[in-house]
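J.: Sequence plus predicted model, see below.
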Amino acid sequence: LAAKLTGIKVIWHLNDTMMPLIFKVIFGLLSKYADSYIYASERTKSYYEKYCDKSKSSAVIPAPVDTIKFSQDYEIKLDRDFEQICHEKMVVGMVANINPVKGIDTFVKVARTFSESMPEVVFVVVGPTHKNQLEYFKSVKKINSMKPIGNVVFLDAREDVRPFLKRFDIYLCTSRAESSPLSVWEAMSMGKPIVSTNVGDVPLYVKHKINGFIAETEDYKSLGSYIAILLQKPSMRTAFGQNSREIAINELDISICSKRHIDAYLSV
């Protein structure tokens, strides 16, 4: 509103697919003041488009990943605790805050299906648990305690997640809602095969049976079966990882996304 009062063009950047009703109502009332819209994903566009003025320009631009920084050539240096956890084990990992939207309970259910049949596999979540999610975190840990083998490890947030991403053999995304999940793009950039729920624009870049597998949200059995396939086929993991890296460079690199942002700004 301040920008409009001073005659400055306004571009709204929208990057989610889940919003409480009251905020959607407010958004609908104020959206007319935007001069243009940038959506982080096609699903975000579908989610918000009905509230926006279709006569105004818009663009869909995914979250960018620095494919030079997030590279397979990154020299790994694991912290001692994680090194002990993953020593001589296959690692299925995810980088995420501990909350229901990220489907951490689904992640644990997937891991539980491997606790007895494949004890050489460890499942790792790297990310913080905020105070308002402590009860949810307790409930998630109870799911894991139902099996005798604890094959799920929760690590606090790290400033640099690249050592973890590089050590992961498979990246698993169990989110219930996303738009353009940067952690998935970063894992792709580091050459990882992806197993993910069908959220946001993940299916546009995680191409089923090409660089990963897609399952419906909360379908831990399908997610688990896809992970089992990858664990048993190292050549598939390698091929999928190479495809992930190529897709990240060609479609998600920061140079591509920044150019598209500049073009969107200049069009207003």
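T.: That came through, no problem.
J.: switch to C-alpha atoms for all contacts and neighbour counts from now on
T.: Will do.
J.: what does the lowest-mean-pLDDT helix or strand in the chain contact?
T.: One helix or strand of the chain scores below all others by mean pLDDT, DSSP states H and E: helix 80-86, with a mean of 83. With contact meaning Cα atoms under 8 Å, 6 or more residues apart in numbering, helix 80-86 is reached by Val122.
J.: buried ones in that helix?
T.: Residues of helix 80-86 classed as buried by neighbour count (16 or more other Cα atoms under 10 Å): Cys86.
J.: Run the chain-centre distance for that helix.
T.: Offset of helix 80-86 from its chain centre (Cα atoms, centre = their mean, to the nearest Å): 23 Å.
J.: Stretch 23-30 too?
T.: Stretch 23-30 has its C-alpha centroid displaced from the chain centroid by 27 Å (Cα atoms, centre = their mean).
J.: Ok, stretch 53-71 next?
T.: Offset of stretch 53-71 from its chain centre (Cα atoms, centre = their mean): 15 Å.
J.: Can you get me the start-to-end distance on it?
T.: Its first and final residues considered, stretch 53-71 spans 40 Å by Cα to Cα, to the nearest Å.
J.: quick one: contacts of that stretch?
T.: Here stretch 53-71 has contacts from 31-32, 35-42, 45, 162, 180-182, 185-187, 189-191, 248-249, 252-254, 257-258, 260-261, 264, 267-268, using Cα under 8 Å, 6+ apart.
J.: how about 6 Å then?
T.: In this structure, residues lying in contact with stretch 53-71 by Cα atoms under 6 Å, 6 or more residues apart in numbering are 36-41, 180, 189-190, 252-254, 257.
J.: likewise stretch 124-131?
T.: Contacts with stretch 124-131, where a contact means Cα under 6 Å, 6+ apart, come from Gly93, Met94, Val95, Ala96, Asn97, Ile98, Val152, Val153, Phe154, Leu155, Asp156, Ala157.
J.: Contact partners for the last one?
T.: In this case it means Ala157. By Cα under 6 Å, 6+ apart, the residues touching Ala157 are Val126, Gly127, Pro128.
J.: Once you drop chain neighbours, what's closest to the second one?
T.: Right, Gly127. Taking Cα to Cα, 6 or more residues apart in numbering, and ignoring the residues beside it in sequence, Gly127 has Ala157 as its nearest neighbour in space, at 4.0 Å.
J.: quick one on the thing from earlier: weed out the non-buried ones from the contacts of stretch 124-131.
T.: Neighbour counting with 16+ other Cα under 10 Å marks Gly93, Met94, Val95, Ala96, Asn97, Ile98, Val152, Phe154 as buried within the contacts of stretch 124-131.
J.: Kindly indicate whether the last one is helix, strand or coil.
T.: Using DSSP: H, G, I helix; E, B strand; the rest coil as the criterion, the local structure at Phe154 reads strand.
J.: how much space is there between it and Ser57?
T.: Look at Phe154 and Ser57: by Cα to Cα, they are 43 Å apart.
J.: if we can go back for a sec, state the next helix or strand along the chain beyond the least confident helix or strand of the chain.
T.: On the C-terminal side of helix 80-86, the closest following helix or strand by DSSP states H and E is strand 90-95.
J.: So which residues make contact with that next one?
T.: By Cα under 6 Å, 6+ apart, strand 90-95 touches Val121, Val122, Phe123, Val124, Val125, Val126, Gly127, Phe168, Asp169, Ile170, Tyr171, Leu172.
J.: C-terminal to that strand, what's the next element?
T.: Next element after strand 90-95 (DSSP H and E): helix 104-112.
J.: From the contact counts, what lies against that following helix?
T.: helix 220-232 (3 or more Cα pairs under 6 Å, 6 or more residues apart in numbering; DSSP states H and E).
J.: Give the buried residues for the helix it packs on.
T.: By neighbour count on 16+ other Cα under 10 Å, the buried set for helix 220-232 is Tyr220, Ser222, Leu223, Gly224, Tyr226, Ile227, Leu230, Leu231.
J.: Turn the residues you listed into a markdown table, columns for pLDDT and distance to Asp73.
T.: Below are the buried residues of helix 220-232 laid out as a markdown table (pLDDT from 0 to 100; distance: Cα to Cα, whole Å):
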| residue | pLDDT | distance to Asp73 |
| --- | --- | --- |
| Tyr220 | 97 | 32 |
| Ser222 | 98 | 32 |
| Leu223 | 98 | 29 |
| Gly224 | 97 | 29 |
| Tyr226 | 98 | 27 |
| Ile227 | 98 | 25 |
| Leu230 | 98 | 22 |
| Leu231 | 97 | 23 |
